[in-house]
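Trainee: Sequence below, structure please.
(chains A and B)
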2 protein chains.
Amino acid sequence: MKLALLPVNVRIGDFEGNLKIHRTRVKEAVAEGASFLVFPELSLVGYLPKDLLTRPDWQKRAETQLEDFHAWLRAEYPKIGVVVGTTLATGATRGLANGAVFLHGAEREDRAKTLIPYYDVFHESRYFDAATALAESYRAPISFAGKKIGLLICEDSWHEMQIRGRKIYSGNPTAQFAGADLIVNLSASPYDQEKKARRRATLQKCATEVGVPIAYVNHFGGHDDILFDGDAFFVDAKGQLRAEKMEAGKEPLLLRLDGEIKSSRPLQDAGLRDLSTMLVTGIRDYAHKNGFRRAVLGISGGIDSALVATLACEALGPENVIGLVLPTKFSSVHSVEDAEELAAKTGLQKRHLPIKMIHSTFSMALSPFFAGQKDDATDENLQARIRGTAVMAFANKFQALALATGNKSEFAMGYTTLYGDMCGALAVIGDLYKTEVYALAAYLNSVQARIPERTLTKAPSAELRPNQTDQDSLPPYDLLDLALKLLVEEELGPLVALPRLQKEFPEADLTLLESIARTVRINEHKRKQAPPILRVSGRAFGSGRLYPLTCLY
Amino acid sequence: MKLALLPVNVRIGDFEGNLKIHRTRVKEAVAEGASFLVFPELSLVGYLPKDLLTRPDWQKRAETQLEDFHAWLRAEYPKIGVVVGTTLATGATRGLANGAVFLHGAEREDRAKTLIPYYDVFHESRYFDAATALAESYRAPISFAGKKIGLLICEDSWHEMQIRGRKIYSGNPTAQFAGADLIVNLSASPYDQEKKARRRATLQKCATEVGVPIAYVNHFGGHDDILFDGDAFFVDAKGQLRAEKMEAGKEPLLLRLDGEIKSSRPLQDAGLRDLSTMLVTGIRDYAHKNGFRRAVLGISGGIDSALVATLACEALGPENVIGLVLPTKFSSVHSVEDAEELAAKTGLQKRHLPIKMIHSTFSMALSPFFAGQKDDATDENLQARIRGTAVMAFANKFQALALATGNKSEFAMGYTTLYGDMCGALAVIGDLYKTEVYALAAYLNSVQARIPERTLTKAPSAELRPNQTDQDSLPPYDLLDLALKLLVEEELGPLVALPRLQKEFPEADLTLLESIARTVRINEHKRKQAPPILRVSGRAFGSGRLYPLTCLY
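Mentor: Okay, here's the model as predicted:
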């Protein structure tokens, strides 16, 4: 039996288009000799349609789509077995299950997800009944080609999941398939930089415990802020990794189960290459799925905009990327030079639009009202907003997606101007700390040198007042980024986080850490209005992090 | 026994401050002779701390706060019974319950919520275990003053709740208290224009079914986008409404249970007065709880900004409201006159800042790049963004909260400029359809004439190109608003919605309705970056409506 694990890059709400993608994948896999085909979780409808799922008309469309697919398979490929993910109507309270459907000739078997995640970006408990609330049959193994096969959906294999040290599920859906010949896991598992290794370790442990081999397949592509890496792998009954995709991508993984499984190369995390692939995919999919082919951004000569511009050029082609050089009266000569060098090396469409005159006209108009008021950040924000308005004018005029260039350290600290540099349809590197921004830029330059050397080495500055550097307002980035990991990702209180910070930075004290925590807290209102941030960590600002804006904690 | 139903206006994360509010309420109620005091759901911690609840340090603080309150009560008021809402640590999977705690001298009884809502703004299934997952004792009645009293928390009384025609709960927590002397319901029930009547009908039905009187109490105040109206009422065992608060406000409701309950006045929904109170409270609480005392907004002479300015003046005092008159070259004379009349009548701080010069400087700078491109909305958006930037400069300089003036019809249709008129810390009337905006403005004028007559009667226009009116781009508002109610609030598909629309507007056809539905869909990305919208309907744009941005459905 030849197994095909088939990542798909579908669009939410595009029932016809997604069906077509499935048909194409089936044809290709059958042409390669596959007889048992597995698609990811909710492959037919996309992950996650959110409140669309509660619309009375939605499930009818999903059911029709599934029936169409079944009819087509039955007519064209009556002998192969296909497992596909979609929503299923139930009689339980939510009225819907997150289903895995086995199709084989006239046969159709419906199975459902048992562990319904409710944390981070997984809002599934809002929509789905657990299989345990349904008839026993929704958890039974299927039979195909003389084999007993258990179907699990994503979280079902993560029964040991902990949130901040607390185990969040009781029960273990894998255990019910002891004695089966094979388990397949259909996933919609958002990419993050650590995920690939965690997935393998988790599934290897499951396989070992139950003594059954497990095949795993994930989605590919960007869905708003969520990225899927198209991962697929096979673990044998002893927990050995026997075949795997080595890097992020939409390619299927095919393997012959009965004979010799092609032994895997040693696990070698593609790391920065995958990170780059996923961010490029995130830009491309958000643009193309929304009907855009161009992007526009401000390029300052700094590292953040240089990185985003480079990624955008890979995603859309440099001929489709407009880079605006928008010097203020405080911009240094080297900034403009660095921006121009970036444009030359990437081939993006550079436009030079100094904002000094606009800024002085605006300032003059405001000055009668501001006379006698003390100097503050108003003028810095004004310049950032003039730039944002310029970027948006280009976005409007050339139907280009505006890209925001803020990083996670900045979003955390509110070191960013709402309606200024925060303008954009997508915040490409908003889930990368400043230190990670440098690492990814260095990696991209190691492949092809496009980011100017000086951009990589000079001190970061917003250049919105004379001789400004980021470190006038912020702690050193290496210290800050570790502090943010402890406070934001691990959600520790300053008192608990302090000893761990001091291990690396003995000079850090509680006052500093409390001030960072407070700054993060009072800037929630900015993040509320941020563009969608491409998620590449386990805890990103955005749809998976629900915090009150008004808050004293 | 004298019962006190005690709305509170607390702050999330302010453990000390909230405790103080509770102590004050207790003192006041005892001074009035009350012996049984009931606070709303999660009264000690506020509704809803969201992901803060998952922090390891959170529950410790909440438990300490509860213990402090208990120690104080025991020392000061050992004889009274108090029911308070807070989070409770559990051994079940979520680790937390939404609790009602009864305190009486040394006695403490913990009870928990059974029905955990997961729809709209209620993200509770993300955080709380249901009482049914805990020991039986969490659902037992308490005993006080010889009475058996059942404690229910908000949704527990809404067991018949339906979402789009489907009943979403099994079980009925009220039924377990048959034979009790009294049931109290602690609520955190977001205000909407229909809620008051629905609450009474729901609780009256519960009381009738079980033959037990029910006392109800809700929060008061604004928490970001959510508003609480401070409602409280008492229904007897036959389902008769015997006492109630007549309008939104923070005042307690006290009533003597043993003697004659003061018979209620006939139910008389305060309607527009409550709506106005809640919006004013929403502005005031968002400002004050975040440390602001001033607000700033653009006033155009149109109805939306006139209404928001009037509400802001009530909330903060006209001396603290800055109204910017920002005429463009397309602004009519009457617009400026109307804005000035509004300023004169409300007493707000008017500032006159024509943007023509800034606009022409900006246009000139852009023109070399836009030569030969076709005319489109770029220039309209540019003007709106210059205005937004001006509003934000005042917000920065005077530490004023910027108020966005978009209404629900505009947010639905994307008839609003991102980073332009959408700038703001709060979208005050973003959950009112244009037709409701007129109704509320007329009501406010009936109390005190502040909105210019011409503002109420002239055709709405953005005035961003010559002779523009809203109806150049949008269907008539009365038709549009009904269509949006069907498509957005009831979430019907165009085919199902059409006959209902045609009942009122026979000229409407499917093409029109599909085009409206499509326009709503493709503007999700704007709403993603909108300010928090004060929620005054059962289905607002904002934190309770999770929709994909990229979507073809």
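Trainee: When you work out contacts or count neighbours from here on, use the C-alpha atoms and nothing else.
Mentor: Noted.
Trainee: contacting residues around the residue nearest to A:Ser543 when sequence neighbours are not counted?
Mentor: Of all residues beyond its chain neighbours, the one nearest A:Ser543 is A:Val121 (5.9 Å), with distances taken as Cα to Cα, 6 or more residues apart in numbering or on different chains. Remark: with contacts taken as Cα atoms under 8 Å, 6 or more residues apart in numbering or on different chains, A:Val121 is in contact with A:Ser543, A:Gly544, A:Arg545.
Trainee: same thing with A:His359?
Mentor: By Cα under 8 Å, 6+ apart, the contact list for A:His359 reads A:Leu382, A:Gln383, A:Ile386.
Trainee: Next, see if stretch A:169-182 gets close to chain B.
Mentor: Yes - Stretch A:169-182 comes into contact with chain B when judged by Cα under 8 Å from any Cα of the partner chain, the residues involved being A:Tyr169, A:Ser170.
Trainee: which residues are contacting that stretch?
Mentor: The list of residues contacting stretch A:169-182 from outside it, by Cα under 8 Å, 6+ apart, reads A:114-115, A:141, A:147-150, A:152, A:156-157, A:159-161, A:183, A:206, A:210-215, B:93.
Trainee: do that again at 6 Å, thanks
Mentor: Outside of stretch A:169-182, the residues within contact range by Cα atoms under 6 Å, 6 or more residues apart in numbering or on different chains are A:Lys147, A:Lys148, A:Ile149, A:Gly150, A:Asp156, A:His159, A:Val210, A:Val212, A:Pro213, A:Ile214, B:Thr93.
Trainee: any idea how far chain B is from A:Leu382?
Mentor: 7 Å (Cα to the nearest Cα, to the nearest Å).
Trainee: before we move on, which element is that residue in?
Mentor: Using DSSP states H and E, A:Leu382 sits in helix A:378-397.
Trainee: next structured bit after that helix?
Mentor: Downstream of helix A:378-397, the next assigned helix or strand under DSSP H and E is strand A:400-404.
Trainee: which strands and helices sit next to whichever helix or strand comes after that next one?
Mentor: Moving toward the C-terminus from strand A:400-404, the first helix or strand encountered (DSSP H and E) is helix A:408-413. In this structure, helix A:408-413 makes packing contacts with helix A:510-522, judged by 3 or more Cα pairs under 6 Å, 6 or more residues apart in numbering or on different chains; DSSP states H and E.
Trainee: The helix it packs on and chain B, are they touching?
Mentor: No - in terms of Cα under 6 Å from any Cα of the partner chain, no part of helix A:510-522 sits within range of chain B; the closest distance is 8.7 Å.
Trainee: Contact distance from chain B - what residues of chain A qualify?
Mentor: Chain A comes close to chain B at residues A:12-14, A:50-51, A:93, A:118, A:126, A:168-169, A:358, A:361-362, A:378, A:393, A:396-397, A:419, A:529-530, A:546-547, A:551-553, as judged by Cα under 6 Å from any Cα.
Trainee: Show the buried residues in those residues.
Mentor: A:12-14, A:50-51, A:118, A:126, A:168-169, A:358, A:361-362, A:378, A:393, A:396-397, A:419, A:529-530, A:546-547, A:551-553 (16 or more other Cα atoms under 10 Å in any protein chain shown).
Trainee: And the contacts of stretch A:317-336?
Mentor: Around stretch A:317-336, the neighbours that count as contacts under Cα under 6 Å, 6+ apart are A:294-299, A:301, A:347-356, A:463-466.
Trainee: hmm, try it at 7 Å
Mentor: The contact list for stretch A:317-336, computed with Cα atoms under 7 Å, 6 or more residues apart in numbering or on different chains, reads A:293-301, A:312-313, A:339, A:346-356, A:387, A:463-466.
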